[in-house]
Each structure stands twice: as C-alpha cells, then as structure tokens.
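Asks: coords below, sequence missing:
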C-alpha cells in the first residue's frame, strides 16, 4: 500500500485477496491508494463486492483477475486510474482473464483530466492454466450500470492480446470479443459530451476505438443508452462509520 510502496503490478492495492472462496467485500470506503482499490487476484471463487465506495485510487478501482464467479453490484466507483489508463487498464471496474462475472447497478464516474482512467472493461490475454482450468475472460455480463465521463476521454469495452484466435484475419487477437467468449454489455447508461469514440472491441478491422453505433453493431448494448446529459457529481466523501471522526 502507500507506506510499503509495493509494486501495483504485483501486490500494491487497498486490498489484494487470493485463493478465497465466498469472499464478501461490503460497505467499505477505499480511497487514495497508490495501487488498485479492491483487488481479487488468483483463483478466487464466488466473490461479492457490494456497496463499496472506491475513489481516487491510482490504478484500477475494482479488479477481478485470473479468478472466477464474481458479483460486483451497487458500488460507487470514481476517479480511479488517472494517468494510468493505457489500453483498458486504469478502469473503474476491470474483469481481467476471469469468468462468470455479473456486474450491475454500479455508479461509475470517469475524471475530467486528460488521462482520466477508463470505465467498465474486460481484458483477455494469455495466462497460465490454474488448477481449476484455463483463465479465460468469458461469460461476463455488465448490465444496468451508469457510466458518466466528465471530460473528453476514457473508454470502456473489451480488449485481447492472447494467442487464442484471430477470427477475422486482421492481425489482432479477438477471442475475448467472440461469441465463444460470451461477454456482453447491455442495459448500461452512458453520459458524455466528449469525443464519440468511447469503446474498444479487440481492435476489430485494425480500428482501436469505436463509436456507440459501431459498438452496438458488434452485438453489444442492444438495450443500452448513450446521451450527453453529464451531471457533475457530489464528491463529498461517504461517512462509512458515523461515530468515527474523519471516516
């Protein structure tokens, strides 16, 4: 964390859980960490993140990495990943080579800064085979989340840097975006008045970023919405413990 200066690429975060089963992370205010906010990494199963405030962490807000079976719901996740948002890293919520996730009813706010962080994302790349089977980003469902971009930049979507397939022969890995992977974004609401190319989809056709209509043409967000109704949020920190001064 902030005092030990552990590398966020390995262990630096507000939390890092591994080899857990039925972990429940509920009702925490996780903020201003030099790494990720809330992080499950390596063979976690049946995880629940619910009702947390995850603000102002330097890397991903909530990340579920090389793990399985997660529910991420009713969290307020904002201003994470500023200046650390290459590719789809620096996301508010990131599913990273994990499967069977349901992510819903979260409030997502992306900073107005020039490198503001990203929104809701899936990354698939090559990871070793664990005891429970290969780590694939598959069968993940993001739905009924509200995503607000306060500035011009930031994105959401799916990216792939694996050797698992290039179905259209364009030179870019795309298994994570395939029907076999079965990753779906739907019923989400996006608000922004910045650049229109807000989505990534495995660099299909050699293109890195896509507009709303292009993203939907891939079968994503058939019932989602996008508008320019950007409301500046109240950033008063939550009082998680009413009898604890400053918390």
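Replies: Right, received. Where do you want to start? Just so it is clear, the structure is predicted and the values come from calculations on it, not from any experiment. Numbering: from 1, shown residues only.

Asks: and residue 222, how many residues sit next to it?
Replies: Residues within reach of residue 222, counting by other CB atoms under 10 Å, total 10. (Each C-beta comes from the backbone N, C-alpha and C, glycine too.)

Asks: likewise the one 3 residues further on?
Replies: The local packing of residue 225 (other CB under 10 Å) involves 12 other residues.

Asks: sticking with residue 214, tell me its helix or strand.
Replies: Take DSSP states H and E as the rule and residue 214 turns out to sit in helix 212-217.

Asks: so what does that helix touch, helix or strand wise?
Replies: Packing partners of helix 212-217 (3 or more CB pairs under 8 Å, 6 or more residues apart in numbering; DSSP states H and E): strand 199-201.

Asks: hmm, try it at 10 Å
Replies: strand 156-160, strand 199-201, strand 225-227 (3 or more CB pairs under 10 Å, 6 or more residues apart in numbering; DSSP states H and E).

Asks: shouldn't residue 149 be in contact with residue 156?
Replies: Yes: the pair residue 149 / residue 156 is scored as a contact, 9.3 Å apart, by CB atoms under 10 Å.

Asks: identify the contacts common to these two.
Replies: 108, 110, 118-119, 190, 198 (CB atoms under 10 Å, 6 or more residues apart in numbering).

Asks: narrow the residues you listed to those that are buried.
Replies: Among the shared contacts of residue 149 and residue 156, the ones that count as buried by 16 or more other CB atoms under 10 Å are 108, 110, 118-119, 190, 198.

Asks: these in strands, which ones?
Replies: When DSSP state E is applied, those are split such that 108, 110, 118-119, 190 fall in strands.

Asks: farthest-separated two in the residues you listed?
Replies: The span of these, defined through CB to CB, is set by 118 and 190 at 12.5 Å.

Asks: any common contacting residues for these two?
Replies: Joint contacts of residue 118 and residue 190 (CB under 10 Å, 6+ apart) are 108, 147, 149, 156, 198.

Asks: mind giving me a markdown table with the residues you listed and columns for distance to residue 214 and pLDDT?
Replies: Formatted as a markdown table, the shared contacts of residue 118 and residue 190 follow (distance: CB to CB, whole Å; pLDDT from 0 to 100):
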| residue | distance to residue 214 | pLDDT |
| --- | --- | --- |
| 108 | 21 | 99 |
| 147 | 17 | 99 |
| 149 | 17 | 98 |
| 156 | 13 | 98 |
| 198 | 10 | 96 |
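
Asks: can you tell me which of the residues you listed is nearest residue 94?
Replies: Distances from residue 94 to the shared contacts of residue 118 and residue 190, taken as CB to CB, are shortest for residue 156 (10.3 Å).

Asks: where's that closest one relative to residue 93, distance?
Replies: Note on residue 156: its distance to residue 93, by CB to CB, to the nearest Å, is 9 Å.

Asks: what touches both of these two?
Replies: In contact with both residue 156 and residue 93: 108, 118-122, 142, 145, 147, using CB under 10 Å, 6+ apart.

Asks: I'd like those laid out as TSV, including distance to residue 60.
Replies: Formatted as TSV, the shared contacts of residue 156 and residue 93 follow (distance: CB to CB, whole Å):
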residue	distance to residue 60
108	12
118	9
119	11
120	11
121	9
122	12
142	15
145	15
147	15
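
Asks: by contact count, what packs against the host helix or strand of residue 101?
Replies: Remark: residue 101 resides in strand 99-104, with elements defined by DSSP H and E. On a contact count with 3+ CB pairs under 10 Å, 6+ apart, strand 99-104 meets strand 62-65, strand 68-73, strand 91-96, strand 118-124, strand 141-143.
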